[in-house]
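[1] Got a predicted structure plus its sequence, pasted below:
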Amino acid sequence: MCAPDNTSALELVTKLCDPDFARRARATDFCGRAWDALRASGAGNGDKVLDAVLVLFAALVLQTSHEVTELTQRADFVPVLWNVLATLSGVDSLELLGNCANDGELKNAGIGKAEKLTVSVILHSFSSLTITLPSS
């Protein structure tokens, strides 16, 4: 799997919202390869769009114990997500769009017009997602 651009990364993650696709993906090493592809594209390195896609990806795949085990065994999984989530205390692109920030506020946060559409799709995906936490 090659490194996706912002649009491809978002498409990859929104496909996981489809229960049939997610079921088929869990039967393969899709999640591990997708994590590697997202990381290779720059997700987790400070890009607001790709970082939001990476968080959505983690929320989707961590719904089953199989993916929790597979991904948390990767050396970069916890540190990367920790860093991404820690930086959200400053500027959260999803929060800005969710609160209907104007274009000037988005620009000051480093979100241009091109990224605004992608982040809006991510926000919609998050809002329509039902996350089931694994039982202990």
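    Now that the structure is in, tell me what you want to look at.
[2] roughly how far apart are the residue lying closest to Gly98 once chain neighbours are set aside and Ala114?
    Nearest non-adjacent residue to Gly98, counting by C-beta to C-beta, 6 or more residues apart in numbering: Leu123, 5.9 Å away. From N, CA and C alone the C-beta is placed, and that goes for glycine too. The gap separating Leu123 from Ala114 is 16 Å, by C-beta to C-beta, to the nearest Å.
[3] Determine how far the helix or strand that the residue nearest to Gly98 is a member of lies from the middle of the whole chain.
    In the assignment (DSSP states H and E), Leu123 maps to helix 113-127. On the basis of C-alpha atoms, centre = their mean, to the nearest Å, helix 113-127 sits 11 Å off its chain's mean C-alpha point.
[4] That one packs against which elements?
    helix 6-15, helix 48-61, helix 93-98, helix 103-108 (3 or more C-beta pairs under 8 Å, 6 or more residues apart in numbering; DSSP states H and E).
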